[in-house]
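# From the sequence below, what's the structure:
(chains A and B)
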Amino acid sequence: MTGPFETALRASRDDGRKLFVPYLTGGLGDDWADCIRAAADAGADAIEIGIPFSDPVMDGPVIQEASVRALESGATPQSILDEVANLDAGVPLAVMTYYNLAFRSGHPRFAATLARAGVTGCILPDLPFIESDPWRDAAREAGVEPILLAAPTTPDHRLADLCAASEGFVYAVGLLGVTGERDALAASATVIAGRCKQVTDKPVLIGVGVSNPEQAREACEVADGVVVGTAIVRRMLDGAGPDGIAEMVGEFRSAIDAG
Amino acid sequence: MSMTEPTPDGRFGEFGGRYVPESLVAACEELEAAFREAWVDPEFLEEFHHTLKHYAGRPSPVTECKQLSKEIGVTVLLKREDLNHTGSHKINNVIGQALLAKRMGKTRLVAETGAGQHGVATATAAALLGMDCIVYMGAVDVARQELNVFRMKLLGSEVVSVESGSKTLKDAVNDAMRHWVATVEDTHYCLGSVMGPHPYPWMVREFHRVIGNEAYEQCMELLGDVPDVIAACVGGGSNAAGIFSGFADTRSELVGIEPAGGAAVARGIPGVVHGMASYLMQDEVGQVMEAESISAGLDYPGIGPEHAHLHATGRATYENVTDDEVVAAFQLLSRSEGIIPALESAHAIAWIAREKRLQGKTVLVNLSGRGDKDVAQMMDILG
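A predicted model of the protein is given here:
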């Protein structure tokens, strides 16, 4: 059965809308929750909330810095999820964090904690498809959709199974590398998105290396949407506040709607 | 219990696995297939062992420590990995991986390093085989091991000082993995210990198996028997895995010695980081803690998954010693035998010097490296 996260994204996609999912680091600054609400109001289709981890191996310098700042200010998974529970953002929420937080807590307990906070999707970038069975079972049981990443190096023989196992959407990793802004959209981005779309009718979003509205528009020529992290988090680090985040989300929204 | 192959999905009991970003899964699979093929290819084995013999200087001897044995009441033998080219056991694994990388058509090596021993060994192999090399090293370690930084540069490698996190080995691994994610098509990650995603823990142990195989033969010749105890220091655990592998099937007791400030096993909480499930120093929600050790090479909050399994099954035990005990052992071996050990290896000496129950027993210590790199740091400490 399709969960609420995927149902919402599919409905928008099937209406002909391209999907915009910003990533914001939870616990970063005093106004991160307001930033999330602002992003939702400005036209985000769903929001990815980062729970900072001590060793974020898929993240480049900007999100590393955001993670360090959030952790140093005392953010914990529970403190972040307590605020998320009261967000009332009006769009589906996913958490992105690293696998050890789920492992340490225990899969069922971690999934239940997310569900209680109203989170319906979860991305764990260091838990590849081949290791994901136990977590996916527990997440599904709790009503949390496990969103899997497909990489440019994922071989064809695995891609169809991976896409079939992913729920919410398929996260197509746009390039070989960690999160961060690049001058141009990598050629690999639309290639992997196209490969995914050949084997699944789930929404396929490109993330990692989608740096500005023009690149987002280009990505959406093939993909159903984009995930944008570093560009947004850099604004948060610069102290842009909810208004600055809303403005940026608006720019992405306009670019992909104009397509 | 033998130290043989992990399960097809890379498990030693409940530990191990391939917890890497999807981008790296195919590279791990490709590496496993290449290693599996090379490790039974007579041509590859011949080249590996030829290089170990004629370039790295193997076999390394076993030395009986007459004075030390008399002083502490324990018969101590040292497996002299400190006498290898580049000054530690690290060269075994690096030669294996560099030859394999070349065979796979890779042109670059990326490595992490703590004390700089693995970095120097990787830089050396890169120079030997004409490959490019980049080494990530925590800023704290760059400061306390500047001689090794200079060595790596002299050997033609780029050294990147890592400013994130605790600025030690753990963070160097993070950045080396990030680099690998971005360069996986032409670059081999030359991981320096029996850790990381499958096949590394298994493959690195196999490249170090030569230590245990030689030591077994040497002990049979010297003693006509295996030693009562095999002792080795453990950060990730490569030198320990190498020597343990030669004695796992015998009556010898296997003991790994961790620094008290980096005792992943003693704290005993399973976790997942750097591609593997193993014991990990972490807080109650799963944030990884920073290890603190006098020795840069053991300053690591985790341990290789096969060690976690050896501990869980009781085949090996893991003890820990304090920095003060290590400093004393460093002096003890230098004074009594004229052998200046690496601070890492001094952990094993510190444990046998402290452990009263070893009186009258025969202990083989893997002297994993020489102490030249640590002399400046010890000058500061001892004044």
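
# wait, what's in contact with the residue nearest the centre of chain B?
The residue lying closest to the centre of chain B (C-alpha atoms, centre = their mean) is B:Ser238, at 3.1 Å. Shown in contact with B:Ser238 (C-beta atoms under 8 Å, 6 or more residues apart in numbering or on different chains): B:89-90, B:93, B:192-194, B:204-205, B:208, B:304. (Each C-beta comes from the backbone N, C-alpha and C, glycine too.)

# Model confidence score at the closest residue to it other than its chain neighbours, please.
Of all residues beyond its chain neighbours, the one nearest B:Ser238 is B:Ser193 (4.4 Å), with distances taken as C-beta to C-beta, 6 or more residues apart in numbering or on different chains. In the predicted model, B:Ser193 carries a pLDDT score of 97.

# What backbone torsions are found at the residue lying closest to A:Ala240 once chain neighbours are set aside?
The spatially closest residue to A:Ala240, leaving aside those adjacent along the chain, is A:Met248, at 7.4 Å (C-beta to C-beta, 6+ apart). With angles defined as degrees, to the nearest 10, A:Met248 shows backbone torsions of phi -70, psi -40.

# Could you verify my assumption that A:Met248 touches A:Ile232?
Yes. Under the contact definition of C-beta atoms under 8 Å, A:Met248 touches A:Ile232, with a separation of 6.3 Å.

# The two: who's more crowded?
Of the pair A:Met248 and A:Ile232, A:Ile232 is the one with more neighbours under other C-beta atoms under 10 Å in any protein chain shown, namely 27 against 23.

# Give me the distance between that one and chain B.
Taking C-beta to the nearest C-beta, to the nearest Å as the measure, A:Ile232 and chain B are separated by 20 Å.

# List the contacts of that residue.
Taking C-beta under 8 Å, 6+ apart as the contact definition, A:Ile232 lies against A:22-24, A:39, A:245, A:248-249.

# Tell me which of these fall in strands.
Among the contacts of A:Ile232, DSSP state E puts A:22-24 in strands.

# if we can go back for a sec, with the contacts of A:Ile232 in mind, which one is nearest to B:Ala296?
Sorting the contacts of A:Ile232 by distance to B:Ala296 puts A:Tyr23 at the head of the list, at 34.9 Å, by C-beta to C-beta.

# what number of residues lie near that closest one?
Using other C-beta under 10 Å, the number of residues around A:Tyr23 comes to 23.

# quick one: it and A:Arg234 touch, right?
No. The pair A:Tyr23 and A:Arg234 does not pass the contact test of C-beta under 8 Å, sitting 11.4 Å apart.

# Secondary structure class of the residue in the stretch 201-350 of chain B positioned nearest to chain A, three-state.
Using C-beta to the nearest C-beta, B:Gly286 is the residue of the stretch 201-350 of chain B that sits closest to chain A, at 3.1 Å. With DSSP: H, G, I helix; E, B strand; the rest coil as the basis, B:Gly286 sits in coil.

# so which strand or helix has the closest residue in space to it that isn't next to it in sequence?
In space, B:Gly286 comes closest to A:Arg104 once its chain neighbours are excluded; the distance is 3.1 Å by C-beta to C-beta, 6+ apart. Take DSSP states H and E as the rule and A:Arg104 turns out to sit in helix A:99-105.
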